[in-house]
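In: Quick one: sequence plus predicted model below, questions after.
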Amino acid sequence: MIPRGGQRRWSPVGGRLIDKAISLIALLANPELHHEKTILVNGFLKLEHEGNCLYLHKEDYEQGLSKNAILVEVTGDIEEELTALDLRYVMLVGIFDAHNKGHFDSCSGAIKNISRAESTLTRAEFEKQQDRYTDRNLQNLGLGPYRLNPKDK
């Protein structure tokens, strides 16, 4: 969560201060407001020749709606991580460039100097993770999966 009042937040991975955690919709609607700011953004990642893009939705990629995407500048530092995340929904931290629109101005800006790239969880993955966490906590408390009261034998 980004603090109020224009404060910047420390990114635990990549060690970069984040100006804004922003939706891709807000970024596409007002690119100049976020130019040269360090952002955290989510979207569907597709890596291909002259078209490394972060799309709003998987369907935007499938339909070739590149204006619903920002260019992803892949550098050696993060290339391996990004390659592993191709065709997945991801979270990226980097600097937004409103003026770089890619090959033939096909995109609506670019994210560069990426310091963090992670896959985001699907709803099913998230719920499964939460279930494991809850079960593990109950076991650590000496409570089995069915005994919610320690006095129950």
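Out: Sure thing, it's come through.
In: contacts, neighbours, all on C-alpha from now
Out: Will do.
In: contacting residues for the residue with the shortest distance to the centre of the chain?
Out: Closest residue to the average C-alpha location of the chain: residue 91 at 1.0 Å, with C-alpha atoms, centre = their mean. By C-alpha atoms under 8 Å, 6 or more residues apart in numbering, the contact list for residue 91 reads 40, 41, 42, 43, 116, 117, 118, 119, 120.
In: Adding distance to residue 58, secondary structure and neighbour count, write those residues out as a markdown table.
Out: As requested, the contacts of residue 91 are arranged in a markdown table below (distance: C-alpha to C-alpha, whole Å; DSSP: H, G, I helix; E, B strand; the rest coil; neighbours: other C-alpha atoms under 10 Å):
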| residue | distance to residue 58 | secondary structure | neighbour count |
| --- | --- | --- | --- |
| 40 | 19 | strand | 23 |
| 41 | 15 | strand | 21 |
| 42 | 12 | strand | 22 |
| 43 | 8 | strand | 23 |
| 116 | 21 | strand | 19 |
| 117 | 18 | strand | 21 |
| 118 | 17 | strand | 16 |
| 119 | 14 | strand | 19 |
| 120 | 13 | coil | 17 |
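In: ok, of those residues, which one's closest to residue 64?
Out: residue 43 (15.0 Å; C-alpha to C-alpha).
In: Help me confirm that that closest one comes into contact with residue 86.
Out: No: at 11.3 Å, residue 43 and residue 86 do not qualify as touching, with contact defined as C-alpha atoms under 8 Å.
In: is it true that residue 26 lies in a strand?
Out: No: assessed with DSSP: H, G, I helix; E, B strand; the rest coil, residue 26 is helix; it does not lie in a strand.
In: Measure how buried it is and give me the count.
Out: The burial metric for residue 26, expressed as a neighbour count using other C-alpha atoms under 10 Å, is 11.
In: Repeat that for residue 87.
Out: Here the neighbour count serves as a burial measure; for residue 87 (other C-alpha under 10 Å) it reads 15.
In: Would you confirm that residue 125 belongs to a helix?
Out: Yes: according to three-state DSSP, residue 125 belongs to a helix.
In: gap between it and residue 60?
Out: Using C-alpha to C-alpha, to the nearest Å, we find residue 125 at a distance of 23 Å from residue 60.
In: what do you get for residue 107?
Out: Distance of residue 107 to residue 60, computed by C-alpha to C-alpha: 12 Å.
In: ok, the residue lying closest to the residue nearest to the centre of the chain once chain neighbours are set aside - contacts?
Out: In space, not counting the residues next to it along the chain, residue 91 is nearest to residue 42; the distance is 4.4 Å by C-alpha to C-alpha, 6 or more residues apart in numbering. When contacts are counted by C-alpha under 8 Å, 6+ apart, residue 42 is found next to 23, 24, 54, 89, 90, 91, 92.
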